[in-house]
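**Q** missing the sequence, but the structure's below:
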């Protein structure tokens with residue numbers, strides 16, 4: 001008997017943005033779904049606009065599991081996670097240990113299918129997922145600012161700078177095609 005999927009289902013209880021005052025709570029489940037959709041979109045954009053050979057399905061799958069360790073570790077805020085190199089290294093080690101713990105929860109026959117999702121090798125899919133993760137954070141900043149929350153202004157600038165320098169040209173195409181919609185009302189989106 002395995003508790004793997006029961007544990008994954010607890011993503012809905014993990015709140016993100018712990019250090020920020022948010023107008024609307026965002027759970028790890030919501031974030032994961034958005035990152036999966038964005039990673040898939042970036043892969044399709046790369047294929048259709050740039051002639052690349054991304055695997056959109058793999059990008060979406062890697063994204064679905066990209067923060068699975070946070071079920072156990074919680075969401076470590078980015079400014080804390082990367083401020084101190086010793087803390088950053090310790091957190092990376094904790095993530096690796098947690099990935100192994102999650103993988104070990106699966107029946108042995110399933111582990112080969114899930115290992116590359118829980119601990120993906122650095123490749124184009126992971127690069128697109130990391131860009132989609134940043135893009136999701138940027139979208140959260142837009143939504144919060146749209147609600148009148150200036151708490152996210154600095155985070156928006158920092159995140160935009162990271163997106164501008166991440167080296168994923170698909171991100172700029174996504175911006176050109178889609179980002180303006182995130183500031184619109186429901187009526188404006190559907191007309």
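**A** Right, received. Where do you want to start? This is a predicted model, so every value here is computed, not measured.
**Q** Distance of residue 178 relative to residue 45?
**A** 9 Å (Cβ to Cβ, to the nearest Å). Glycine gets a C-beta too; all of them are placed from N, C-alpha and C.
**Q** These two: who's more crowded?
**A** residue 45 (24 against 14; other Cβ atoms under 10 Å).
**Q** you'd agree that one is up against residue 176?
**A** No. Using Cβ atoms under 8 Å, residue 45 makes no contact with residue 176, being 9.9 Å away.
**Q** Just want the most central residue of the protein.
**A** Closest to where the C-alpha atoms of the chain average out (Cα atoms, centre = their mean) is residue 133, at 3.0 Å.
**Q** name the element the residue nearest to it when sequence neighbours are not counted belongs to?
**A** Excluding the flanking residues, the one nearest residue 133 by Cβ to Cβ, 6 or more residues apart in numbering is residue 35, at 5.3 Å. Element membership of residue 35 [criterion: DSSP states H and E] is helix 28-50.
**Q** which secondary structure elements does that helix contact?
**A** Packed against helix 28-50 by the contact rule (3 or more Cβ pairs under 8 Å, 6 or more residues apart in numbering; DSSP states H and E) you find helix 56-65, helix 124-146, helix 169-178.
**Q** Generate a markdown table for these, with distance to residue 101 and mean pLDDT as supplementary columns.
**A** Shown next, in a markdown table, are the helices and strands packed on helix 28-50 (distance: least, Cβ to Cβ, whole Å; pLDDT from 0 to 100):
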| stretch | distance to residue 101 | mean pLDDT |
| --- | --- | --- |
| helix 56-65 | 14 | 98 |
| helix 124-146 | 20 | 96 |
| helix 169-178 | 33 | 97 |
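**Q** ok, then the element right after the helix or strand of the chain with the lowest mean pLDDT?
**A** Lowest on mean pLDDT, DSSP states H and E among the helices and strands of the chain sits helix 78-83, with a mean of 70. Downstream of helix 78-83, the first helix or strand assigned by DSSP H and E is helix 85-105.
**Q** Quick check: mean pLDDT of that next one?
**A** Mean per-residue pLDDT for helix 85-105: 90.
**Q** quick one: contacts of it?
**A** 2-4, 7, 68-69, 71-73, 76, 80-82, 111, 114-115, 118-119 (Cβ atoms under 8 Å, 6 or more residues apart in numbering).
**Q** How about the contacts made by the closest residue to residue 139 other than its chain neighbours?
**A** The shortest distance from residue 139 to any non-neighbouring residue, by Cβ to Cβ, 6+ apart, is to residue 182 (5.4 Å). Neighbouring residues of residue 182 by Cβ under 8 Å, 6+ apart: 139, 142, 143, 146.
**Q** Now render those residues as TSV, adding neighbour count and distance to residue 21.
**A** Converted to TSV, the contacts of residue 182 look like this (neighbours: other Cβ atoms under 10 Å; distance: Cβ to Cβ, whole Å):
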residue	neighbour count	distance to residue 21
139	18	18
142	17	16
143	17	14
146	14	15
